[in-house]
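Peer 1: show me how the following folds:
(3 chains)
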Amino acid sequence: MSIKSTLRAATALSLISAGSVFADGHSSTITIATVNNGDMIRMQGYTDQFTEQTGIAVEWVTLEENVLRQRVTTDITTNGGQFDIMTIGMYETPIWGANGWLVPLDNLSDEYDVDDILPAMAGGLSHDGTLYAAPFYGESSMIMYRTDLMEAAGLEMPDAPTWEFIREAAAAMTDRDAEINGICLRGKAGWGEGGAFITAMSNSFGARVFDENWVPQLDSAEWAETLNFFVDMMSESGPAGYATNGFNENLSLFQQGKCGMWIDATVAASFVTNPNDSDVADSVSFALAPDTGLGKRSNWLWAWALGIPAGTQQQDEAMQFIEWATSKDYIELIAENEGWANVPPGARTSLYETPEYQEVPFAQMTLDSILSADPNQPTVDPVPYVGVQFAAIPEWAGMWTQVSQEFSAAYAGQQTVEEALANAQAIATEEMEAAGY
Amino acid sequence: MATQHSRSAARIMMAPAVVLLLGWMLVPLTMTLYFSFKRYLPLRGGDLGWTGFDNYVRFVSSSAFWPAVQTTLLIVGGVLVITIALGILLAILLDQPMWGQGIVRILVIAPFFVMPTVSALVWKNMFMDPVNGLFAHLWRFFGAEPISWLSEASLPSIVMIVSWQWLPFATLILLTAIQSLDSEQLEAAEMDGASPLNRFWFIILPHLSRAVTIVLLIQTIFLLSIFAEIFVTTGGAFGTRTLTYLIYQRVLESQNVGLGSAGGVYAIILANIVAIFLMRIVGKNLDA
Amino acid sequence: MARAVTTQRKTLNTILAWAVGLLIFFPILWTILTSFKTEAQAIASPPIFLNFDWTLENYAVVQERSDYMRFLWNSLIIAGGSTVLGIIIAVPAAWSMAFVPSKRTKDILLWMLSTKMLPAVGVLYPIYLICIELGVLDNRAALVVILMLINLPIIVWMLYTYFREIPGEILEAARMDGATLKEELLYILTPMAVPGIASTLLLNFILAWNEAFWTLNLTAVDAAPLTAFIASYSSPEGLFFAKLSAASTMAIAPILILGWFSQKQLVRGLTFGAVK
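Peer 2: Numbering: from 1, shown residues only, chains lettered A, B, ... in the order given. Purely as a prediction, here's the structure:
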């Protein structure tokens, strides 16, 4: 085969020109693919300590979330073996685990104390009761709001508000001339962006994505109610152009004092309360994500976790790293050097029992939010899937990205809510058929 | 005058390039064709057997297919029109005597050196962001409501970003062509009382036709497969999903390699239709 | 009689051309400026142009997080290697097309260009599987070959258009004097074609440098070039305009500088034989 021999020839050629191709392939280097979020970047800064303790060198491949997903999925499905540890989420882990692509984490040491991992997190990262990835940090979503604006509006935020209250409060806080929007929410297309938010929100309105027979339910009255409520509220009190706002855009809006309320990931709390980055750091408070009285709230559940691909040659070294990075000791290391507010949250029960951490203003609300999300029973009506703001099936990412694009087009006023839902239903039906349901 | 000897030598010299490209074309093409007749879902265990033309039927009958073809053609066409029109004007301007011509030329060609990913990121975040973008500041300065570019004017925004990247290429080729224009001919026309517009229309433009052809051909090849600009800015939302992007969604987001491969075959067909179309209108210009 | 250009007109041209030039260059200038600001200054309203406290902090942060030199080195090897390899393969092919044309020459050229039309993402899985099979994932040599194949059609075509402008009579004369094919190629043709080869080299170096699909998807650590470097700064949590600008500046600076120094060659190279 001509390609094969050409490649060989070229390999030889480049060995001459670039002698170091295989030079750093000694056995105790592990390669970790990770996402470029703050907690992971911080971890990279401390890997020297791990290397000192164990003699294992670490190579980081840090990528933006979408690129990372594309990269690790290609590699795991083809058994490419490029990484010894992959940073994956609650969506990928159960699917990959079920396919036997991840090394089961059932041999963790006693001092690691695997039972200390928050049950909600461990549950979402397991398949058939076996843990396949260790949570580095976990999150739910909650309301972050400006106490000063709330007060000025003459309102008081309950600990567990309803959507009706939120909508009224948002309208009361909005002052467009002063560039203050009552509420900032994700409208950006993508299953992990606006798509995640609207799905979690729909749960509280009694909607579901599939019925028990995997028939898409986007044409239901509950979905119409969810989407109409969202669009109406955002046009009353949301920022201009919210159809392209994701986590980042809303974070910077909130930090600049342009939002009265923001419902988003609990990890955002440490950003908005950090006086170095946030203009409103000392006037932020927290509440549980809203509901409509049907028994489900609109908060999600997510964890970024470390998993080991089954094809790796360096399983033991990778295991050692995971034990280090997701341990109690690591949390203490960060607390010591960076302060308790900066430790990776939402992974371990013991963290929330630490007196110093309980002082952190958002700690309790984060825990309450995590505990109130149930991936096994996410909706009012029964569903065949696991996952709060997603369904842990291989087709979800593709299907829901397209669906959320239809929603975003409705947010931007390019089509009506009814059109968006009709298109979404058609897309979901197509995708499910293509997958053979 | 070519002898038999030099002919066979010529063949031998052409062989490596031809064989390599043949391989580079045939191997992926064969594999794409192979996968396109398979139910191949990596996350569901990989190869699930043959399915005949199911993938082909499914890909075209998807509600996203025709809009994607339309978007592809709109983006390619839009960028071509903008880069060629502005390129001609810019080339004429740069051909005029001025101070600091070299530096201006450097400024104009600079966007060509910027990676598509970087240029998309810069435009998206630092210019088109409806809150912190420079355009938003500019709009507010003039008392207007900032535009959310990537949702309200998504397609024009992407066409603009891509045009910015390709304008230097068009300008340079057109500039070289203009510089080769016989200035005496222009002067003669001016003496005869031809207006600047007439001179442009009857002398400069015909002279540029060959250069325009080249720009058209090369840019079309690159533009049909633009990806990074869409991936970074809209992720295919707001009617910016091109055929290439649709294939990406099928292969990587939906993890349906069979369906995506069928899409790949359609993309090749579309590219060839465009190519044949191009050859028809411009082919004669390529003859020496 | 050459037309005298009035100073007034020249001034007008100059102003207009500089305005347009600066407008086109502005996004790059803005990126460079932003890279020297703090994150807060980068999103300040109204925007700050020059009167901010210039800081190198972003560059320090970026360098501390990722080993820039390694990415740079990989980019240089991959872009350089693929270009040189491409030229080596393309010169003989372009030569024979230009000087021993047959009636199929044009068809072959157009066919070569058409191989560029296969959408890369559609063949990601096949190519990834082939690379696993050959054990060349995250391997610079493999990327050199792949990028060479991607750009080969353009290289052949550019060289072909140059070679065709070389008058055939010179070669005839050399042949009369008994020059062999090899001598003809080495001593007569090559020197005449040097400017063409140089500009082809440059253009393809730029194209290979900016290629972001294969270089991102087929690499991890050892072979990761600057396109992968950028992907780690593109949209993190929190404020990132300034750091993104610094990373972007670092990624485009080498090629920008190279391009500027060699813009004369490049300008000639971009004619594609469009000028006769």
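Peer 1: for the residue lying closest to B:Phe238 once chain neighbours are set aside, what are its contacts?
Peer 2: Spatial nearest neighbour of B:Phe238, excluding adjacent residues (C-beta to C-beta, 6 or more residues apart in numbering or on different chains): B:Ser154 at 3.7 Å. All C-beta atoms are positioned from the backbone trio N, CA, C, and that covers glycine. Going by C-beta atoms under 8 Å, 6 or more residues apart in numbering or on different chains, B:Ser154 touches B:Thr233, B:Thr234, B:Ala237, B:Phe238, B:Gly239, B:Thr240.
Peer 1: how far away is B:Ser154 from A:Phe197?
Peer 2: B:Ser154 sits 21 Å away from A:Phe197 when distances are taken as C-beta to C-beta, to the nearest Å.
Peer 1: so how far is A:Lys258 from the residue nearest to A:Gly260 when sequence neighbours are not counted?
Peer 2: Using C-beta to C-beta, 6+ apart and skipping the chain neighbours, the partner closest in space to A:Gly260 is A:Met173 (3.4 Å). Applying C-beta to C-beta, the value for A:Met173 to A:Lys258 is 11 Å.
Peer 1: before we move on, which element is residue 151 in?
Peer 2: Picking chain A for this. helix A:147-152 (DSSP states H and E).
Peer 1: that's the wrong chain, I meant chain B
Peer 2: helix B:149-152.
Peer 1: tell me the helices and strands packed up against that helix.
Peer 2: If you count contacts as 3 or more C-beta pairs under 8 Å, 6 or more residues apart in numbering or on different chains; DSSP states H and E, helix B:149-152 packs onto no helix or strand.
Peer 1: would you mind naming what in the stretch 151-276 of chain C lies close to chain A?
Peer 2: Proximity of the stretch 151-276 of chain C to chain A (C-beta under 8 Å from any C-beta of the partner chain) is limited to residues C:216-217, C:220-222, C:224, C:228, C:231-240.
Peer 1: chain C contacts on the stretch 51-200 of chain A?
Peer 2: Those residues of the stretch 51-200 of chain A that sit near chain C, judged by C-beta under 8 Å from any C-beta, are A:59-65, A:67, A:70-71, A:74, A:78-83.
Peer 1: ok, and the closest non-adjacent residue to the residue of the stretch 151-300 of chain A found nearest chain B?
Peer 2: For the stretch 151-300 of chain A and chain B, the shortest gap (C-beta to the nearest C-beta) falls at A:Gly241, measuring 2.7 Å. In space, and not counting its chain neighbours, A:Gly241 is closest to B:Ser148: 2.7 Å by C-beta to C-beta, 6+ apart.
Peer 1: same check, this time on B:Ala267
Peer 2: Closest residue to B:Ala267 apart from its sequence neighbours, by C-beta to C-beta, 6+ apart: C:Pro119 at 4.6 Å.
Peer 1: for C:Ala212, same thing?
Peer 2: Distances taken as C-beta to C-beta, 6+ apart place C:Thr227 nearest to C:Ala212, at 4.3 Å, with adjacent residues excluded.
Peer 1: do the same with A:Gly192
Peer 2: Excluding the flanking residues, the one nearest A:Gly192 by C-beta to C-beta, 6+ apart is A:Glu65, at 7.0 Å.
Peer 1: burial count for that neighbour?
Peer 2: 21 (other C-beta atoms under 10 Å in any protein chain shown).
Peer 1: tell me the contacts of it?
Peer 2: Counting by C-beta under 8 Å, 6+ apart, A:Glu65 has contacts A:Val35, A:Asn36, A:Asn37, A:Gly192, C:Ser235.
Peer 1: next, count neighbours for the fourth one.
Peer 2: Other residues near A:Gly192 number 23, with proximity taken as other C-beta under 10 Å.
Peer 1: quick check: phi and psi at it.
Peer 2: phi -90, psi -10 (degrees, to the nearest 10).
Peer 1: try the first one
Peer 2: The main-chain torsion angles of A:Val35 are listed as degrees, to the nearest 10 and equal phi -90, psi 150.
Peer 1: number of residues surrounding it?
Peer 2: Counted with other C-beta under 10 Å, residues neighbouring A:Val35 total 24.
Peer 1: give me the pLDDT for it.
Peer 2: Per-residue pLDDT puts A:Val35 at 93.
Peer 1: swap in A:Ala10?
Peer 2: pLDDT, A:Ala10: 49.
Peer 1: swap in the one 4 residues further on?
Peer 2: Model confidence at A:Ser14, given as pLDDT, is 46.
Peer 1: same deal with B:Ile173?
Peer 2: For B:Ile173, pLDDT reads 87.
Peer 1: again, but for the one 5 residues further on
Peer 2: In the predicted model, B:Ile178 carries a pLDDT score of 86.
Peer 1: same question for the one 10 residues further on.
Peer 2: The model reports B:Ala188 with a pLDDT of 83.
Peer 1: next up, the contacts around it.
Peer 2: Here B:Ala188 is in contact with no residue (C-beta under 8 Å, 6+ apart).
Peer 1: looking at this, B:Gly49 is in a helix?
Peer 2: No - counting by DSSP: H, G, I helix; E, B strand; the rest coil, B:Gly49 is not part of a helix but strand.
Peer 1: now the element after whichever helix in chain B runs longest, going C-ward?
Peer 2: When chain B is parsed with DSSP state H, its longest helix is helix B:4-36. Where DSSP H and E defines the elements, the next helix or strand beyond helix B:4-36 is strand B:38-41.
Peer 1: can I get that following strand in PDB? Just the C-alpha atoms.
Peer 2: Below are the C-alpha coordinates for strand B:38-41, written out as PDB (Å, rounded to 0.1, in the frame of the first residue of the first chain):
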ATOM      1  CA  LYS B  38     -22.800   0.900   6.800                       C
ATOM      2  CA  ARG B  39     -24.700   1.400   9.900                       C
ATOM      3  CA  TYR B  40     -21.600   2.600  11.800                       C
ATOM      4  CA  LEU B  41     -22.300   4.100  15.200                       C
END
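Peer 1: so which other helices or strands are in contact with that strand?
Peer 2: strand B:46-50, helix B:54-61, helix B:257-286.
Peer 1: the stretch 1-150 of chain B against chain A: which residues are in contact?
Peer 2: B:19-20, B:23-24, B:27, B:39, B:41-46, B:58, B:62-64, B:129-132, B:145-148, B:150.
Peer 1: just the buried members of those?
Peer 2: Neighbour counting with 16 or more other C-beta atoms under 10 Å in any protein chain shown marks B:20, B:23-24, B:27, B:39, B:41-44, B:58, B:62, B:64, B:129-132, B:146-148, B:150 as buried within those.
Peer 1: tell me which parts of the stretch 101-250 of chain A are close to chain B?
Peer 2: Counting by C-beta under 8 Å from any C-beta, the residues of the stretch 101-250 of chain A near chain B are A:Ala189, A:Gly190, A:Pro239, A:Ala240, A:Gly241, A:Ala243, A:Thr244, A:Glu249.
Peer 1: which of those sits closest to chain C?
Peer 2: A:Glu249 (9.7 Å).
Peer 1: which stretches of the chain have low pLDDT?
Peer 2: Looking at chain A here, since you left the chain open. In the predicted model of chain A, residues A:1-27 satisfy pLDDT under 70.
Peer 1: that's the other chain; I wanted chain B
Peer 2: Using pLDDT under 70, the flagged stretches of chain B are B:1-4, B:281-288.
Peer 1: before we move on, what about chain C?
Peer 2: Using pLDDT under 70, chain C drops low at C:1-5, C:237-239, C:267-276.
Peer 1: and the most centrally placed residue in it, what does it touch?
Peer 2: When C-alpha atoms, centre = their mean is applied to chain C, the residue found nearest the centroid is C:Ile206 (0.7 Å). Going by C-beta under 8 Å, 6+ apart, C:Ile206 touches B:Phe112, B:Phe113, C:Ile255, C:Gly259.
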